[in-house]
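1. Quick one, structure for this:
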Amino acid sequence: MRLTTIIAFEVRKLIRARVVLFNLFLLPLLLIFILGNALSPMFNSGGDQTLEQVSVHLVRSTAEGGPDLGLEAFLSNPEIKETLRVDPAANRAEAEASLRSGKSDFAVVIPEDFEARVTRGETAEWEYILGKDQTKNHVAEMIFDAYLDEVNRMQASAIVLGPHAVTAAMKQVQQAENSGFVEMAPLSEHGASYSAFQYYAVSMLIMFLLYSGLMVNESLRSEIDNRTLYRLGSMPIGGLSIFAGKIIGNGLVTSLQAAVIIFGTSWLYGVEWGNHPFYLAAICGLVILCSMMIAVIASLWCKSGATAGTLVQIVAVIMTFLSGGFQPIPVDLIQRLGDFTINHWAMQGLLRIMLGADPALIGHHILMLGIFGGVLMLIGIITYRKVGYHE
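-> Sure, this is the predicted structure:
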């Protein structure tokens with residue numbers, strides 16, 4: 001009963017605050033409406049469009065004399081040649097110079113040991129250098145990702161079945177001259193395209209879920225400043241019960257916020273959230289968990305509530321920026337930094353749900369969010385035990 005009492009108190013306190021209700025439920029829908037309309041020209045409007053050929057510079061080492069893993073056959077496919085014009089580049093610097101001058105639209109750097117690593121079943125990746133045109137970047141990324149997916153299948157075969165399985169898989173890939181790996185089709189099963197409303201509905205949903213940590217910060221700081229947290233800790237109430245009650249109470253209100261944003265954008269703006277509600281709920285739940293833990297850590301380590309609130313907001317804004325939440329950013333360094341943010345994995349997971357991606361790909365993003373959430377929860381619990389009662 002003590003835990004449920006704390007949860008009920010937190011929920012009642014939040015629901016009674018009109019400012020909180022406006023910030024939680026109305027402001028996100030308003031921002032999505034403004035951004036979706038203002039920036040819609042940057043995204044596909046939904047009809048069939050004629051894609052311009054993408055000029056790609058390919059940086060590939062000639063040091064290895066092994067098989068090309070079907071790359072030449074892939075690039076010589078007629079459908080691929082209509083979409084991509086691939087020219088060789090001597091090195092990465094030449095490819096970057098070509099991008100800056102506008103001679104090419106996209107660049108790919110293949111590591112020297114790529115073929116050897118794939119053959120051994122080890123992790124192997126390519127480096128993409130994005131150009132100025134977002135549409136051409138997306139097209140090139142999707143096409144090369146399709147090839148890498150097939151190569152990764154061989155890699156998985158090497159891990160599970162041994163190197164002899166790769167030899168057989170190589171023969172299949174090298175026979176792909178008359179059948180490309182890429183099927184030109186709509187991004188979703190309903191034929192819907194990637195819209196501004198979809199993108200910013202996802203972006204704003206995640207950002208506001210991260211902002212929800214401010215409620216935990218305010219709750220904890222009020223207890224600390226009023227010296228009631230120490231009093232609660234001296235009562236016959238478990239420390240984890242107090243901790244869990246505040247997290248669950250604020251988490252329930254934040255979950256309601258996520259539901260309002262999802263159903264509101266679907267009803268008002270026609271945003272399609274895909275056919276995987278369980279995955280959708282899992283991603284939102286993990287983002288909420290991460291948000292609460294960040295707020296707990298900031299609240300207990302900062303000297304004042306204002307400082308902690310500012311820190312939570314800065315973290316949310318920086319992670320949203322690095323993940324391309326405000327606008328997709330074609331800068332390689334920033335994209336790499338974005339991989340270390342909660343927003344990146346949550347956004348990519350939700351966008352893949354919208355576009356009907358393979359559940360295995362969605363599961364990978366959920367796993368990464370789970371790792372973030374687990375680490376932050378561990379740090380939050382340790383911080384609460386060591387710092388919470390001594391403020």
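
2. need the strands for the chain, in chain order.
-> With DSSP state E as the criterion, the chain has strands at 54-60, 84-89, 106-110, 127-130.

3. helices or strands next to the shortest one in the packing?
-> What it means is strand 127-130. Strand 127-130 sits against helix 92-101, strand 106-110, helix 134-161, helix 332-338, with contacts defined as 3 or more C-beta pairs under 8 Å, 6 or more residues apart in numbering; DSSP states H and E. Backbone N, C-alpha and C define where each C-beta goes, glycine included.

4. Can you lay out the ones you listed as CSV showing distance to residue 9 and mean pLDDT?
-> Listed next are those as CSV, based on distance: least, C-beta to C-beta, whole Å; pLDDT from 0 to 100:
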stretch, distance to residue 9, mean pLDDT
helix 92-101, 56, 88
strand 106-110, 55, 89
helix 134-161, 47, 73
helix 332-338, 38, 69
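
5. just the ones you listed: most buried one?
-> Greatest average neighbour count among these goes to strand 106-110 (a mean of 22), per mean count of other C-beta atoms under 10 Å.

6. what's the spacing between the closest residue to residue 144 other than its chain neighbours and residue 58?
-> Excluding the flanking residues, the one nearest residue 144 by C-beta to C-beta, 6 or more residues apart in numbering is residue 108, at 6.2 Å. According to C-beta to C-beta, to the nearest Å, residue 108 stands 5 Å off from residue 58.

7. before we move on, the earlier item: could you export the helices and strands packed on strand 127-130 as a markdown table, including distance to residue 4?
-> Formatted as a markdown table, these follow (distance: least, C-beta to C-beta, whole Å):
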| stretch | distance to residue 4 |
| --- | --- |
| helix 92-101 | 58 |
| strand 106-110 | 56 |
| helix 134-161 | 47 |
| helix 332-338 | 39 |
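
8. and of those, who's closest to residue 350?
-> In terms of C-beta to C-beta, the element of the helices and strands packed on strand 127-130 nearest to residue 350 is helix 332-338, at 14.9 Å.

9. which phi and psi does the residue nearest to residue 99 when sequence neighbours are not counted have?
-> Spatial nearest neighbour of residue 99, chain neighbours left out: residue 131 (5.2 Å); criterion: C-beta to C-beta, 6+ apart. Note on residue 131: backbone dihedrals following degrees, to the nearest 10 are phi -100, psi -160.

10. For burial, what's the neighbour tally of residue 131?
-> By other C-beta atoms under 10 Å, 21 other residues sit near residue 131.

11. of all the helices and strands packed on strand 127-130, which lies closest to residue 248?
-> The nearest among those, by C-beta to C-beta, is helix 332-338 at 30.0 Å.

12. Any idea which helix or strand in this structure has the lowest mean pLDDT?
-> Counting by mean pLDDT, DSSP states H and E, the weakest-scoring helix or strand in the chain turns out to be helix 163-174, with a mean of 53.

13. still on that earlier bit, isn't the residue nearest to residue 144 right next to residue 130, touching?
-> No: counting by C-beta atoms under 8 Å, residue 130 is not a contact partner of residue 108; they are 10.6 Å apart.

14. Check whether residue 209 really touches residue 286, as I assumed.
-> No: Residue 209 is beyond contact range of residue 286, at 9.7 Å (criterion: C-beta under 8 Å).

15. what are the bridge partners for the residue nearest to residue 144, then?
-> When bridges are called by DSSP bridges, residue 108 pairs up with residue 58, residue 128.

16. All good on my end, thank you.
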